[in-house]
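Structure for the following, please:
(one chain, ligands or ions: 1)
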Amino acid sequence: MAQDPLDPAQEARQIWIAASQVLQFNEALTARDKGWLSDIAPEAVFGTTIVLSVSSRAAQEAVQGELSGPLLEALKMASGREMIPAIKIVQPSATQATPSPASAVNAPMPTAQPAQMQTPDQAQHPTQNQAQAPAESAVRSGSTGEFAQSSAPSPAPLPYAGGQPQVWSDQSDSSFSPERLNTPSEATGQASTAEEADGSADPQAHRQASQQFPEQLPASSSQDALAAFPTYQAAQGAQVRPSQGSQQPSAPAAFGPQAYSQQTFAQSSLGEQAFAESPEEPRDYAQYAPLAQATAPAQAADNQQLFAIPPFMDQNQVARDPQTHLDKSATFNNFIPGASNRFARTVALAVAEGTGRIYNPLCIYGSSGLGKTHLLNAIGNYALLKDSSLKVRYVTSEEFTNEFIEALQDTKHAKQIPEFNQRYRQVDVLLIDDIQFLGGKEATLDQFFHTFNALHDANKRIVIASDVAPNKLKGFEDRLISRFESGLTVDIQPPDRETRVAILRMLAGNMGIAIPNEVFDLIAERFTENIRELEGALTRVTAMASLNNQPVTQTLAEQTLQDYFATDVEIKPTDIISQVAKYFHLTFDDLVGRTRTKNIALARQIAMYLAREMTSMSLVDIGEVFGGRDHTTVMHAYTRISNEMQEKREIYNYVMELTVRLKHPQAN
Ligand SMILES: Nc1ncnc2c1ncn2[C@@H]1O[C@H](COP(=O)(O)OP(=O)(O)OP(=O)(O)O)[C@@H](O)[C@H]1O
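Below you'll find the predicted structure:
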């Protein structure tokens with residue numbers, strides 16, 4: 001559903017609440033450190049700059065000095081993006097007038113005052129800094145490569161926000177990325193070859209480069225990033241498939257030295273920031289999509305006409321945009337990058353930016369629950385935010401089939417098929433999910449083939465998600481497979497431990513729940529193959545804590561998840577339906593049938609929730625098992641039950657008891 005955009009103070013408050021929790025559980029911080037942190041109050045967010053106030057210079061120095069690393073990390077966890085803190089001193093008298101986190105929502109938007117905000121190096125060299133021209137300040141604030149060198153002996157300086165939303169600062173420094181901390185050369189304090197090549201090891205040289213070409217960076221960032229992969233240049237159109245199951249980052253495995261690939265990734269993520277940082281184009285596209293539509297009513301109406309949800313779909317069931325069918329909550333910002341998905345994310349971002357046209361079509365494949373659908377939606381949301389006049393359409397292969405069949409069956413309207421064709425052939429960005437389900441459906445595939453060709457010939461963007469690589473798709477003609485392979489194929493692997501923990505932290509931050517590190521570790525240790533399961537485990541633990549009005553502890557998490565930990569029995573959806581039916585004194589047919597009485601509907605939704613969580617089946621497959629229901633019905637059931645588990649003990653108990661029964665069938 002559309003959300004209202006947050007105002008700068010509100011956004012700062014929300015980020016800070018989550019970041020404080022991350023910091024609170026940072027075991028590396030002493031009580032004294034935490035004391036300094038408790039002096040911080042959030043003021044406002046401008047792009048990727050968060051203005052924080054403290055009450056004294058001593059606090060400012062501490063926050064900018066030894067606490068800068070943990071602070072940056074916590075802000076990133078909380079916001080899902082690199083945030084640059086600007087620390088402002090508010091004198092005690094003024095502090096009283098400064099909004100506390102609780103009251104910040106209603107506070108007037110603060111006017112950031114550069115004179116009050118300092119970085120450590122400003123404090124050390126006030127004259128030099130005061131003399132800096134704004135453009136130079138911005139560049140300097142972007143020279144976070146220095147900041148990234150947290151292994152350097154002196155405290156890492158915080159970047160200076162200059163009191164203004166920063167438009168060019170971050171992206172002007174392509175060397176900045178926390179990931180770069182991992183490169184061996186940086187660990188030893190040496191500049192990598194890539195850094196030397198672009199001058200980023202030399203702040204002065206880099207500043208000059210940044211000043212010379214600032215406006216080119218946002219538009220070309222991802223393309224540059226991709227062009228930097230030798231294999232891309234050598235073999236556009238060739239498949240790129242890092243070895244399955246490899247723990248190595250996808251791109252480095254395929255493209256060479258790690259430092260080199262990380263450099264390119266840094267540029268890519270900066271491309272995203274570059275775009276998102278513009279004050280007119282806030283980073284959270286999900287929130288602003290309605291705004292984009294409001295400013296382009298003709299286009300919105302046009303889209304509506306083209307993609308009004310067909311009658312067989314219940315419009316109330318999913319929080320998807322009625323025109324584009326996009327899930328607006330899935331963005332690049334809340335897609336945590338890791339070795340397993342970073343390459344896919346980079347390419348997806350290039351396509352979203354419109355700079356990745358040579359990767360057309362883009363095929364993303366991987367097992368269930370690894371983020372394919374999320375990336376498709378992120379592409380659509382980003383593309384629309386960048387250009388609200390685009391016609392974007394997310395569609396599952398099931399929806400595509402249904403729409404096609406609807407058009408065929410509508411004998412009263414002989415023009416239905418031409419209309420269907422026109423509808424699809426007018427899109428600028430087509431995002432088609434779960435393409436594998438088109439396999440064997442000859443008429444639909446034929447239709448899709450023509451749609452594909454029309455779009456491709458018109459240079460429209462096509463992104464396809466599938467559970468297997470194109471050449472493994474069953475029931476597809478070679479002509480279609482070869483067209484899929486004419487673009488770029490990337491895979492997503494199960495996330496490594498670090499990424500799993502980062503995802504859990506982000507989710508906990510979103511929920512505003514304090515969770516100790518050992519609980520993240522426990523869940524991340526156990527749920528390794530599917531991010532949906534990872535989320536499900538966290539949902540259960542937080543639901544248990546919330547229902548019992550307890551904090552989340554390791555013991556509570558262990559108790560809650562013990563049945564998951566106890567056994568790895570393979571669970572079939574039919575087992576789930578039988579077990580849930582038995583539990584609620586219903587029949588199998590009740591659950592897969594059409595009756596919608598309250599008790600049957602609840603039991604059915606719980607069964608769908610369990611099927612989604614405990615099997616690797618897709619939404620479409622689950623819908624099929626439940627009497628041929630639409631996948632949106634399954635999605636709705638899943639969302640509803642996971643929400644209700646947090647609030648209603650009864651629902652929580654049903655889910656937990658049924659989990660135990662399913663995991664221990666011999667005990668029934
Ligand atoms: N890197 C990530 N960062 C944050 N959340 C993620 C990430 N990858 C996946 N998720 C989340 O995990 C859940 C499952 O992802 P998604 O539905 O995109 O998977 P999928 O690969 O399309 O699965 P399926 O093939 O079963 O449809 C979603 O809630 C998604 O937001």
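
can you count the residues close to Glu73?
17 (other C-beta atoms under 10 Å). Quick note: C-beta positions are derived from backbone N, CA and C, even for glycine.

Per-residue pLDDT of it, please?
pLDDT, Glu73: 77.

State whether it is indeed within a strand.
No: if the criterion is DSSP: H, G, I helix; E, B strand; the rest coil, then Glu73 is helix and not within a strand.

Leu29 versus that one, what's the distance?
As judged by C-beta to C-beta, to the nearest Å, Glu73 and Leu29 stand 11 Å apart.

In contact with Pro54, which residues?
No Pro there; residue 54 is Val. When contacts are counted by C-beta atoms under 8 Å, 6 or more residues apart in numbering, Val54 touches 36, 39-41, 60, 63, 87-90.

hey, what's it bridged with?
With beta bridges defined as DSSP bridges, Val54 has these partners: Ile89.

how much space between it and the ligand?
Counting by C-beta to the nearest ligand atom, to the nearest Å, the gap from Val54 to the ligand is 32 Å.

again, but for His631
In terms of C-beta to the nearest ligand atom, His631 sits 9 Å off from the ligand.

Excluding sequence neighbours, find me the nearest residue to that residue.
Distances taken as C-beta to C-beta, 6 or more residues apart in numbering place Leu619 nearest to His631, at 3.6 Å, with adjacent residues excluded.

circling back to that earlier point, give me the buried entries from the contacts of Val54.
Burial by neighbour count, 16 or more other C-beta atoms under 10 Å: within the contacts of Val54 this picks out 36, 39-41, 60, 63, 87-90.

Closest one to the ligand out of these, please.
Ile40 (26.8 Å; C-beta to the nearest ligand atom).

Next up, the contacts around that closest one.
The contact partners of Ile40, taken as C-beta under 8 Å, 6+ apart, are 16, 52-54, 59, 63.

Any chance of CSV for the residues you listed, columns distance to Leu547 and pLDDT?
Putting the contacts of Ile40 into CSV (distance: C-beta to C-beta, whole Å; pLDDT from 0 to 100) gives the following:
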residue, distance to Leu547, pLDDT
Trp16, 27, 82
Leu52, 34, 85
Ser53, 37, 83
Val54, 37, 81
Ala59, 38, 78
Val63, 37, 82
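
Which member of the residues you listed is positioned nearest Arg604?
Trp16 (41.3 Å; C-beta to C-beta).

where's that closest one relative to Pro42, distance?
Taking C-beta to C-beta, one finds Trp16 at 4 Å from Pro42.

re the thing from before, could you identify the most distant pair in the contacts of Ile40?
The widest separation within these (C-beta to C-beta) is 15.0 Å, between Trp16 and Ala59.

ok, the two, which is more surrounded?
Neighbour count, other C-beta under 10 Å: between Trp16 and Ala59, Trp16 has more, with 25 against 20.

Out of the contacts of Val54, name the ones that lie in strands.
41, 87-89 (DSSP state E).

In a markdown table: these, plus distance to the ligand.
As requested, the ones in strands among the contacts of Val54 are exported to a markdown table (distance: C-beta to the nearest ligand atom, whole Å):
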| residue | distance to the ligand |
| --- | --- |
| Ala41 | 29 |
| Ile87 | 29 |
| Lys88 | 32 |
| Ile89 | 36 |
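
Closest one to Ala581 out of those, please.
Within the ones in strands among the contacts of Val54, proximity to Ala581 (C-beta to C-beta) peaks at Ala41, which comes in at 54.1 Å.

you'd agree Lys432 is in a strand?
Careful, residue 432 is Ile and not Lys. Yes: under three-state DSSP, Ile432 sits within a strand.
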